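Colleague: Okay, structure incoming, though there's no sequence with it:
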Ligand SMILES: Nc1ncnc2c1ncn2[C@@H]1O[C@H](COP(=O)(O)OP(=O)(O)OP(=O)(O)O)[C@@H](O)[C@H]1O
Ligand SMILES: [Mg+2]
């Protein structure tokens, strides 16, 4: 592993470092920019070159290259089983890679889909766990306050809601003041409203502390709302990336985001889901067609009845008269 030298860049530097920010997708397909040597003089938070991680014969990461700038917010999308968690585990330092080079800052923290709290320790003790700093309780309480949980600091994990438990996990990551924050689908198990609140919280925390962030998600909209850059992983590599450095706050109805959404869904090989409005319109059109067909059938039946009853009644009457 190459030694990491941290350079503090502010947001303006970052925007300069990525002036493209054009709204166009840059399909990378393996070889392009990511295999270049990192720009001299500006250390990167993460540099991965030709990383291979094999489980037995199977290479889950297969020549993956990746750069993340300090303070940059990157989202990582990809089909289930494509190796996203494997990459994150290597970046946290839980798993060693098989070959290639990986360089990341010394202080890293991760939040996973489930909060992974020690049930026999109160919330603040979970946050403080393993932190070797003076006044660790104060630091834990401050981190809990930052995620809006000052009043739950002494609660047992079992008494916390899913969103609260996940915020404790976030505070546990924050208290370490990470230069690299790794998030593996941290909002996936939360309800839609809590998830929106978590998005706002994560953006506030990111802007306050400015760690580099790598967020793994299956939610394309989440990636578009949060990240500066969105990567798509396939075949063990970063297969494509989209620059997404527009101003915040963002709204998903923004036509530029909608265009990127289409591009990302196409890259992921997913058909775009119709919106609810489109669904209602489609159902409405089907109902209209059904009503029109029913109306027409009724008119036909009435017309048929008229032609059947009128002349035959006459002839019947005539016949009866004749018979009489
Ligand atoms: N310890 C392991 N031993 C063997 N195979 C593993 C191990 N860990 C992961 N794999 C395999 O590596 C592949 C990638 O797994 P990984 O968890 O990284 O996928 P993922 O992209 O995070 O998927 P998901 O979106 O479903 O979370 C999977 O096929 C998985 O079965
Ligand atoms: Mg995973």
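Modeller: Thanks, I have the structure now. This structure is a prediction, so every number in the text was calculated from the model and none was measured. Ligands and ions are numbered 1, 2, ... in the order given.
Colleague: which SS class is residue 102?
Modeller: strand (DSSP: H, G, I helix; E, B strand; the rest coil).
Colleague: cool, the one 4 residues further on as well?
Modeller: The local conformation at residue 106, judged by three-state DSSP, is coil.
Colleague: For it, grab the count of nearby residues.
Modeller: Neighbours of residue 106 under the rule other Cβ atoms under 10 Å: 11. For the C-beta atoms, the positions are set from N, CA and C on the backbone; glycine is no exception.
Colleague: roughly how far apart are it and residue 173?
Modeller: 15 Å (Cβ to Cβ, to the nearest Å).
Colleague: what's the answer for residue 114, then?
Modeller: From residue 114 to residue 173 the distance is 14 Å (Cβ to Cβ).
Colleague: Now do residue 78 against residue 247, distance only.
Modeller: To residue 247, residue 78 is 27 Å away according to Cβ to Cβ.
Colleague: no wait, residue 176
Modeller: 29 Å.
Colleague: and what of residue 61?
Modeller: Relative to residue 247, and taking Cβ to Cβ, residue 61 is found at 34 Å.
Colleague: Between these two, which is the more surrounded one?
Modeller: Taking other Cβ under 10 Å, residue 61 and residue 247 do not tie; residue 61 has more neighbours (24 against 5).
Colleague: That one should be in a strand, yeah?
Modeller: Yes: the assignment for residue 61, made by three-state DSSP, places it in a strand.
Colleague: Would you confirm that it contacts residue 49?
Modeller: No: shown here, residue 61 and residue 49 do not form a contact pair, counting by Cβ atoms under 8 Å, at 11.7 Å.
Colleague: what do those two both touch?
Modeller: Taking Cβ atoms under 8 Å, 6 or more residues apart in numbering as the contact rule, residue 61 and residue 49 both touch residue 100.
Colleague: got any ranges where the stretch 1-150 of the chain has weak pLDDT?
Modeller: 1-42 (pLDDT under 70).
Colleague: which residues in it form helices?
Modeller: Along the stretch 1-150 of the chain, counting by DSSP state H, counting those that start in this stretch, helices occupy 11-17, 84-92, 123-128, 136-146.
Colleague: most tightly surrounded among these?
Modeller: Among those, helix 123-128 has the highest mean neighbour count (mean count of other Cβ atoms under 10 Å), at a mean of 24.
Colleague: what's in contact with it?
Modeller: 117-118, 136-137, 139-141, 143-144, 149, 152-157, 160, 168, 171-172, 175.
Colleague: where does the residue lying closest to residue 258 once chain neighbours are set aside land in three-state SS?
Modeller: Of all residues not flanking residue 258 in the chain, residue 252 sits nearest, at 7.7 Å (Cβ to Cβ, 6 or more residues apart in numbering). Classification of residue 252 using three-state DSSP returns coil.
Colleague: what's near enough to touch the residue in the stretch 101-250 of the chain that ligand 1 sits nearest to?
Modeller: In the stretch 101-250 of the chain, the residue found nearest to ligand 1 is residue 218; the distance is 6.3 Å by Cβ to the nearest ligand atom. Each residue near residue 218 by Cβ under 8 Å, 6+ apart is listed here: 77, 80, 185, 188.
Colleague: tell me the angle of the strand or helix carrying residue 193 relative to helix 136-146?
Modeller: Assessed by DSSP states H and E, residue 193 sits inside helix 192-209. Computed with axes from the mean of the first three to the mean of the last three Cα atoms, to 10 degrees, the direction of helix 192-209 lies at 120 degrees from that of helix 136-146.
Colleague: Do me a favour and average the pLDDT over helix 192-209.
Modeller: Regarding helix 192-209, the rounded mean pLDDT is 92.
Colleague: So which elements touch it?
Modeller: helix 162-174, helix 220-226 (3 or more Cβ pairs under 8 Å, 6 or more residues apart in numbering; DSSP states H and E).
Colleague: Which parts of the chain belong to which domain?
Modeller: Following automatic domain parsing, the chain resolves into domains at 11-107+178-268, 275-324.
Colleague: picking that back up, touching the helix holding residue 193 from outside, list them.
Modeller: 73, 146-148, 161-163, 166-167, 170, 174, 177, 181, 183, 186-187, 190, 213, 222, 225-226, 248-249.
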